[in-house]
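Undergrad: sequence and predicted model, in that order:
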Amino acid sequence: MSTSRTRAGLCLAACTTLIAATAGAGPAAAAPDAGGGGVLINEAYLSGGSANAVYQDKFVELYNGSASPVSLEGWTLQYRSATGTGATNTSVALSGTVPAHGHFLVGGGSNGGTGAELPTPDLQTSFNPSGTKGTIVLSNQGGSLTLPTGSVTGDAQVADLLGYGTSNTFETAAATAPAGNSDPKSLERANHVDTDDNAADFSLNAAPSPTASGETGPGPDPDPVEPVDATIAEIQGTGDSTPLNDQLVTTSGVVTATYPTGGYDGYYLQTPGTGGDAGSAASNGLFVYSAATVGDVRVGDHVEVTGTAGEFYGLTQVSVPAGGATVLDEPAEAVKPLTVAWPASDGEREAYEGMLWDPQGQWTLADNYALNGYGELGLAAGTSKLVPGATTLPQPTDVAPAGSDRAAAVETENLARSVTLDDGSTANYLGADTNKDIPLPYLSRGAQVRVGAPVDFIGNVILDYRHDAWRFQPLTQLTGANTTDQPAAFGETRTTTPEEVGGDVRIATFNVLNYFTTTGDQLTGCSYYTDRDDNPITIRSGCDARGAANAENLERQQAKIVAAINGLDADVVSLEEIENSAAFGQDRDAALAQLVDALNSASPKPGHGKGKGPKTWEYIPTPAAVPADEDVIRTAFIYRKAAVKPSGSSVILDDEAFSNARPPLAQAFTRARGPKHDRFVAIVNHFKSKGSDPADGSGNADTGDGQGAWNAARVQQASALVEFAETMKRTAKTATVLLTGDFNSYTQEDPMQVLYQAGYTDLGSKTGKQSYLFDGRTGSLDHVLASGAAKRHVTGQDIWDINADEPIALEYSRYNYNVTDFYSPDPYRASDHDPLVVGLELDGPKGHR
């Protein structure tokens with residue numbers, strides 16, 4: 001036994017109380033709110049006395065996570081309604097003391113006589129908030145507070161805040177609320193963790209557990225508990241949880257990673273000499289949760305720890321108090337990073353949890369949506385064996401029929417190939433204001449961090465499991481300020497122009513991301529998403545507009561859209577998600593006209609030599625007949641006058657099938673100096689979206705087959721579109737028809753099958769690219785489909801991947817959300833959909849039509 005080990009044993013009796021206090025503890029993801037002194041809202045039961053109620057009275061349970069008791073004298077518990085914008089509706093004075101690491105039960109009002117009596121509260125009040133929606137505020141001050149709407153964090157008057165249901169005030173996002181007063185669940189915080197995100201921190205509990213200050217659980221044993229000596233592998237075990245749960249253990253290992261900042265509050269140990277290409281039944285890596293000792297160890301130290309073994313949301317760890325870690329004198333064999341192949345199953349990965357890795361083989365960036373929020377990226381290992389050539393993670397219904405065995409197999413493979421590249425922290429960069437002042441990890445101004453890019457590991461990582469996902473962690477917290485610790489680099493895959501598609505006419509489709517020239521400041525009632533200085537950027541709710549908050553933000557949005565459209569070098573562009581200006585008492589084409597003016601004012605990029613210069617672009621005006629009831633967004637056509645000219649007036653399909661969507665708009669075109677027989681018809685579409693599940697058991701309810709909600713409606717819309725196209729063929733006297741737009745349907749879904757069965761061919765699927773990214777899966781919602789006659793004229797097609805692959809941090813809607821300025825008036829992330837361009841050779845014999 002070494003002298004260091006003896007010192008650890010001598011401190012054990014003195015440390016036992018602290019060790020017991022850490023049992024079952026987990027790393028807090030963020031500091032408590034500024035005014036909290038460690039006191040949090042831990043549980044809220046809001047349906048007391050209602051039908052099915054467990055308890056007759058409502059209650060709010062507080063928890064003090066600090067090592068000292070906290071007096072509540074002068075504090076208040078307050079409530080504001082879900083739609084309130086002024087002072088809180090209710091404020092009750094608090095008194096008493098919340099013990100260190102203990103609870104405090106505040107009894108409240110009642111909705112009726114159902115339910116058992118509460119355990120004796122520490123304080124009985126008349127506090128009576130709504131059972132399903134609103135905001136509860138724990139304040140360290142007296143008097144009613146007037147808080148802003150939206151996310152409220154870092155306010156010195158607020159010790160803690162819980163927004164739930166449809167409340168307009170919350171921390172980051174509102175927590176899910178019970179379905180009604182007869183749904184007898186409480187909102188309970190998990191493990192006293194406060195990440196400043198109500199939606200993440202609170203969940204519904206069907207077994208409410210009111211706990212008063214006299215019921216804080218057992219204290220430390222009167223006699224010291226002797227720890228069990230165990231190797232890291234013995235603590236990890238061969239299953240998905242430790243066999244030594246809640247036991248006091250002593251183990252040792254080499255420090256491989258440390259996280260003194262960022263919320264993990266701990267470090268990783270690995271058994272000396274392990275790793276390399278050697279497999280094992282149990283992992284030789286282990287997380288040590290110890291805010292008290294993380295500052296005392298360094299990577300490479302040989303360290304012995306004594307603490308309580310346990311699981312934190314699936315991650316095996318040992319919780320170690322102050323005095324429970326000792327840097328050993330004797331040297332240890334160096335740890336070797338693992339070089340084994342990526343394990344395909346959870347069981348295989350468990351054998352390497354917490355170990356040092358040098359990832360081998362091919363890796364591809366598969367998802368970057370959460371980079372702007374939590375500093376994390378989705379990766380895909382290797383290439384799909386089911387979808388030839390796919391290096392990202394395919395949307396199953398983009399490559400296989402919905403509900404098919406093949407679609408299920410593709411998603412199973414996606415899960416096997418997936419891992420998250422994290423930033424070594426729990427920071428929410430869209431949460432607390434202080435986090436917005438931290439440069440984002442992995443992304444810097446001008447850097448390319450694009451979906452589909454190859455990933456090169458230039459440093460080692462740790463494999464761990466957090467937030468229901470396997471993750472590669474850097475060896476310390478990573479931010480944009482310490483890029484030398486970044487473990488991966490990303491290939492540059494941007495293109496400055498689409499691929500050449502040929503032809504004498506080019507047609508494109510582009511969803512322009514709620515391009516509204518009516519800005520929020522021109523309307524009443526709008527609420528906003530704001531930047532880190534609380535400046536309004538985009539409209540959140542409260543009014544009919546959906547785009548920019550004001551002219552300054554509209555200018556940023558418009559600059560990117562103009563750059564993208566001019567960069568397409570197309571002759572006809574169908575547009576989706578552009579403002580229907582008639583909804584705001586203006587000419588229906590007002591927003592469309594402003595966009596065309598901006599296009600004509602911009603310097604066009606060199607292209608194939610047609611129509612460059614002022615008045616290059618024109619728009620197709622609204623036809624005489626317009627549906628009586630329209631959405632606030634619409635479809636439209638713009639075209640280059642030197643390349644094509646409209647043939648006849650446009651036509652809008654007024655059909656009941658589109659009562660919940662944007663009706664198709666059709667227009668016939670010919671080449672500007674071509675014969676009439678080269679006429680073609682373009683029909684732009686924007687089908688019903690997949691969201692807002694009616695959950696009514698109808699064909700429009702989300703059945704879980706991957707097609708989302710409103711699939712039956714989209715099928716009806718596809719059928720109506722086929723009939724409309726046949727009418728337009730007869731009217732325009734041509735069989736050359738192109739169906740374009742955002743169909744809100746992936747390539748193999750039911751609505752698309754209707755179009756294929758009618759003889760249309762999807763051209764975008766021939767590119768090998770996809771136009772959209774959702775939930776880490778790539779697929780195409782945007783399509784150009786050609787009739788049989790049109791297909792003979794097609795010379796090429798390309799999806800110009802300037803949007804869906806780019807981080808959302810580059811979007812105009814995220815301007816000044818982070819201390820790093822990512823905005824540039826270029827085409828990249830002009831929208832969330834990629835545009836698609838098709839070349840047509842129309843200069844042919846008359847019979848070609």
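TA: Thanks, I have it.
Undergrad: show me the shaky parts of this protein.
TA: 1-37, 215-224, 603-614, 844-849 (pLDDT under 70).
Undergrad: mind checking the longest helix of it?
TA: helix 711-732 (DSSP state H).
Undergrad: same for that helix, what does it pack against?
TA: Judged by 3 or more Cβ pairs under 8 Å, 6 or more residues apart in numbering; DSSP states H and E, helix 711-732 is in contact with strand 644-652, strand 662-671, strand 680-686, strand 737-742, helix 750-757. The way it works is simple: take the backbone N, C-alpha and C, and place the C-beta from them, glycine included.
Undergrad: export those to a markdown table and tack on distance to Pro825 and mean neighbour count?
TA: As requested, the helices and strands packed on helix 711-732 are exported to a markdown table (distance: least, Cβ to Cβ, whole Å; neighbours: other Cβ atoms under 10 Å):
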| stretch | distance to Pro825 | mean neighbour count |
| --- | --- | --- |
| strand 644-652 | 28 | 19 |
| strand 662-671 | 28 | 24 |
| strand 680-686 | 26 | 27 |
| strand 737-742 | 24 | 27 |
| helix 750-757 | 35 | 19 |
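Undergrad: dump the longest helix of the chain to CSV, restricted to CA.
TA: This file holds the C-alpha atoms of helix 711-732, laid out as CSV (Å, rounded to 0.1, in the frame of the first residue of the first chain):
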residue,chain,number,x,y,z
ASN,A,711,-50.6,13.1,-45.2
ALA,A,712,-54.1,12.4,-46.4
ALA,A,713,-54.5,16.1,-47.2
ARG,A,714,-51.3,16.1,-49.2
VAL,A,715,-52.5,13.1,-51.1
GLN,A,716,-55.7,14.9,-52.0
GLN,A,717,-53.7,17.9,-53.0
ALA,A,718,-51.5,15.8,-55.3
SER,A,719,-54.6,14.3,-57.0
ALA,A,720,-56.1,17.8,-57.5
LEU,A,721,-52.8,18.9,-58.9
VAL,A,722,-52.7,16.1,-61.5
GLU,A,723,-56.2,17.1,-62.7
PHE,A,724,-55.2,20.8,-62.8
ALA,A,725,-52.1,20.0,-64.8
GLU,A,726,-54.3,18.1,-67.4
THR,A,727,-56.5,21.2,-67.7
MET,A,728,-53.5,23.4,-68.2
LYS,A,729,-52.1,21.1,-70.9
ARG,A,730,-55.4,21.6,-72.8
THR,A,731,-55.5,25.4,-72.1
ALA,A,732,-51.9,26.1,-73.1
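Undergrad: what's the angle between it and strand 644-652?
TA: Interaxial angle of helix 711-732 relative to strand 644-652 (axes from the mean of the first three to the mean of the last three Cα atoms, to 10 degrees): 130 degrees.
Undergrad: buried set for helix 711-732?
TA: Under the neighbour-count criterion of 16 or more other Cβ atoms under 10 Å, helix 711-732 has 711-722, 724-725, 728-729, 732 buried.
Undergrad: follow-up on the earlier one: tell me which of the helices and strands packed on helix 711-732 lies nearest to Ser581.
TA: For the helices and strands packed on helix 711-732, proximity to Ser581 was assessed by Cβ to Cβ; strand 662-671 is nearest, at 14.3 Å.
Undergrad: other SSEs contacting the closest one?
TA: By 3+ Cβ pairs under 8 Å, 6+ apart, strand 662-671 packs against strand 633-640, strand 644-652, strand 680-686, helix 711-732.
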